[in-house]
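Engineer: model this:
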Amino acid sequence: MPSQNRFHRFLRLSLLVLPLILVASGMAQDEAAAPGVAVPTDKTLLETIWEGGPLLMVIWLAILATSITMVTLIIQNIITLKPARLAPPPLVQSLQQTIASGNYQEAWATCSQNNNYLANVLKAALSRIGRGKEAVEDAIAEHGLREATLLRTRNSYLSVIGVVAPMIGLLGTVIGMIGAFAVLGKSGIKDPQALAARIGEVLIATASGLFIAIPAFIAYYIFRNMSQRSIVMADDTVNSLVLDIPFEELGGVQIGENFSAGAMIGGSRKVSMHLTTNCPVCGGGVTPGVNPCPHCGATLDWAA
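Structural biologist: Numbering: from 1, shown residues only. I've put the predicted structure just below:
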């Protein structure tokens, strides 16, 4: 379902960008003509492309595809690289309360229900909580790097487009010039105006490639800095959430799908009546003030 939604968004963007590309190319075609050169006005841009042959048509389709991809990547980066998307404030507030009350299994379940940078990194950290502080810090570093790499991958494609688009346009120009000079070699310079117009038309391909490459490179560097800033802020949030966890009291606890209270069973755990009605060991629902937990038998020290 997510892949279908992305395809539908890509298709809608394609339909929006296609008229803009055609209009821009048509304007460039009018400006490419030299002063005093009569460019035929009875040909549309599509007709001109069609007359260029199958190879030039493929090149124009490639230019169009790169432009649509560039716009799609820019929109996706604008949406996904915001700090509020990497670490949503409502999720941060919920996790702060859950972790402060000692409900680490519930915090892990909350992270499992969300798919963002904060949730994915913190979920991995909580799963190692019973191994000590060093293991948790290693998990934050490892999964933080993994999530950051995935975020930067989409942006790196903009750099690729910035390099490839001018090359595609130049290839179209070279192929068009070969055809123009082939005609010149057969018939000579009988109609210099038509030859100049023909050369102007093939130069549109190079101009189109540059028209795509320039904003692609600008967007790449903007989003690179934007992603770095957002990742640093999200890392600070993750570290602040695990800062006050009493690791020395949680030895043997296994958080995650194979939950195990370990050494916490029979121990005493402070629980705030204002923050939770769940057991901090097993996550089972308990009535505030009840001791021990009816689910796992852990001793709960209820605090006001």
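Engineer: quick one: low-confidence ranges for the stretch 201-304 of the chain?
Structural biologist: 260-278, 280-283, 289, 295-304 (pLDDT under 70).
Engineer: The same query, at a cut-off of 80, please.
Structural biologist: By pLDDT under 80, the low-scoring segments of the stretch 201-304 of the chain are 201-202, 251-252, 257-304.
Engineer: where along it do the strands fall?
Structural biologist: Applying DSSP state E, counting those that start in this stretch to the stretch 201-304 of the chain gives strands spanning 268-272, 299-303.
Engineer: tell me what the one helix or strand residue 90 maps to is packed against?
Structural biologist: Assigned by DSSP states H and E, residue 90 belongs to helix 89-100. Judged by 3 or more C-beta pairs under 8 Å, 6 or more residues apart in numbering; DSSP states H and E, the packing partners of helix 89-100 are helix 104-112, helix 117-126, helix 192-242. All C-beta atoms are positioned from the backbone trio N, CA, C, and that covers glycine.
Engineer: Can I get those in JSON lines including mean neighbour count?
Structural biologist: Listed next are these as JSON lines, based on neighbours: other C-beta atoms under 10 Å:
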{"stretch": "helix 104-112", "mean neighbour count": "22"}
{"stretch": "helix 117-126", "mean neighbour count": "25"}
{"stretch": "helix 192-242", "mean neighbour count": "19"}
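Engineer: can I get those in a markdown table with distance to residue 57?
Structural biologist: Below are the helices and strands packed on helix 89-100 laid out as a markdown table (distance: least, C-beta to C-beta, whole Å):
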| stretch | distance to residue 57 |
| --- | --- |
| helix 104-112 | 49 |
| helix 117-126 | 42 |
| helix 192-242 | 12 |
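Engineer: circling back: what angle separates the helix holding residue 90 from helix 117-126?
Structural biologist: 20 degrees (axes from the mean of the first three to the mean of the last three C-alpha atoms, to 10 degrees).
Engineer: how about helix 89-100 as PDB, C-alpha atoms only?
Structural biologist: Output of helix 89-100 as PDB, limited to C-alpha atoms (Å, rounded to 0.1, in the frame of the first residue of the first chain):
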ATOM      1  CA  PRO A  89       7.000  16.500  19.700                       C
ATOM      2  CA  PRO A  90       3.800  14.500  20.800                       C
ATOM      3  CA  LEU A  91       5.800  11.300  20.600                       C
ATOM      4  CA  VAL A  92       8.700  12.800  22.500                       C
ATOM      5  CA  GLN A  93       6.400  13.900  25.300                       C
ATOM      6  CA  SER A  94       4.700  10.500  25.500                       C
ATOM      7  CA  LEU A  95       8.000   8.700  25.700                       C
ATOM      8  CA  GLN A  96       9.300  11.100  28.300                       C
ATOM      9  CA  GLN A  97       6.400  10.200  30.600                       C
ATOM     10  CA  THR A  98       6.600   6.500  29.900                       C
ATOM     11  CA  ILE A  99      10.300   6.200  30.500                       C
ATOM     12  CA  ALA A 100      10.200   8.400  33.600                       C
END
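Engineer: Show me what that helix is in contact with.
Structural biologist: 104, 106-107, 110-111, 114, 116, 118-119, 122, 237, 241-242, 244-245, 272, 275-276 (C-beta atoms under 8 Å, 6 or more residues apart in numbering).
Engineer: looking at the helices and strands packed on helix 89-100, which is closest to residue 82?
Structural biologist: The closest of those to residue 82 is helix 192-242. By C-beta to C-beta, the value is 6.7 Å.
Engineer: packing partners for that closest one?
Structural biologist: In terms of contacts (3+ C-beta pairs under 8 Å, 6+ apart), helix 192-242 is packed against helix 2-32, helix 54-80, helix 83-86, helix 89-100, helix 117-126, helix 133-187.
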